[in-house]
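Visitor: here's my sequence, what's the structure:
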Amino acid sequence: MYKNDIKLSEYGESIIKNGEFVLTEDDSGFIIRMLLTTRGSWAFHPDLGVGLEEFMGEIANENLILKIKNKITSFFKLYGLFPMVSMYYLNEKTIISSMNFYILDELEPSSISFSFSLENGNVIFIKKDEANESEEGILETQKSKNKYTKRR
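Guide: Predicted structure coming up:
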């Protein structure tokens with residue numbers, strides 16, 4: 001559905017090769033961008049983005065996990081992505097999540113896993129290594145600067 005979105009580097013930057021944007025082969029670029037985007041940061045689309053940043057400073061607990069899961073689920077459903085979200089807290093400052101996004105008429109879900117720091121807003125994405133994908137699914141960690149966050 002959102003294939004051929006602009007592919008992001010390990011730092012959340014657009015990748016350009018031979019003067020052209022490199023495109024994704026799955027929905028992960030759109031999903032990552034929307035998780036990092038703070039609502040109101042796009043002037044012509046003020047409702048765009050999940051806005052994980054708004055949870056910074058909170059203490060991780062079951063109620064907070066439920067709020068974040070509901071926000072992620074309701075946002076992506078608007079775009080035809082139906083996420084199954086598993087979310088836990090490691091400690092009072094760190095949340096981890098694994099999500100499978102199901103799309104109508106597609107057999108394979110897009111999968112994204114990440115950790116989110118409630119202390120400083122850092123997001124670390126973990127995804128299958130596209131170059132070395134095996135049956136075990138070798139994981140590659142991506143640290144993303146949140147450049148989609150509205151500057152205050």
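Visitor: can you pull out the strands in this protein?
Guide: Taking DSSP state E to define them, one finds strands in the chain at 16-17, 20-21, 81-91, 94-103, 110-117, 123-128, 139-144.
Visitor: which stretches of the protein form helices?
Guide: Here the chain has its helices, by DSSP state H, at 28-36, 62-77.
Visitor: tell me who's in contact with residue 59.
Guide: Residue 59 makes contacts with 92, 93, 118, as judged by Cβ atoms under 8 Å, 6 or more residues apart in numbering. Where you see a C-beta, it was placed from the backbone N, CA and C, and this is true even at glycine.
Visitor: for the second one, what are phi and psi?
Guide: Yep, that's residue 93 we're talking about. The phi/psi pair for residue 93 (degrees, to the nearest 10) reads phi -120, psi 0.
Visitor: and the gap between residue 73 and residue 100?
Guide: Separation of residue 73 from residue 100 (Cβ to Cβ, to the nearest Å) stands at 12 Å.
Visitor: what is in contact with the two at once?
Guide: The contact lists of residue 73 and residue 100 share residue 83, where a contact means Cβ under 8 Å, 6+ apart.
Visitor: CSV for the contacts of residue 59, including pLDDT and neighbour count?
Guide: What follows is the contacts of residue 59, written out as CSV (pLDDT from 0 to 100; neighbours: other Cβ atoms under 10 Å):
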residue, pLDDT, neighbour count
92, 94, 12
93, 95, 16
118, 94, 21
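Visitor: can you tell me which of those is closest to residue 60?
Guide: Distance to residue 60, by Cβ to Cβ, is smallest for residue 92 among those, at 5.1 Å.
Visitor: doesn't residue 60 make contact with that closest one?
Guide: Yes. Assessed by Cβ atoms under 8 Å, residue 92 is found in contact with residue 60 at 5.1 Å.
Visitor: now do the shared contacts for those two.
Guide: Shared contacts of residue 92 and residue 60, counting by Cβ under 8 Å, 6+ apart, come down to residue 118.
Visitor: what residues sit buried inside stretch 67-86?
Guide: 68, 69, 72, 73, 75, 76, 79, 81, 83, 85 (16 or more other Cβ atoms under 10 Å).
Visitor: by mean pLDDT, show me the worst of the helices of the chain.
Guide: Looking at these, the lowest mean pLDDT belongs to helix 28-36 (a mean of 79).
Visitor: what's that helix packed up against?
Guide: helix 62-77, strand 110-117, strand 123-128 (3 or more Cβ pairs under 8 Å, 6 or more residues apart in numbering; DSSP states H and E).
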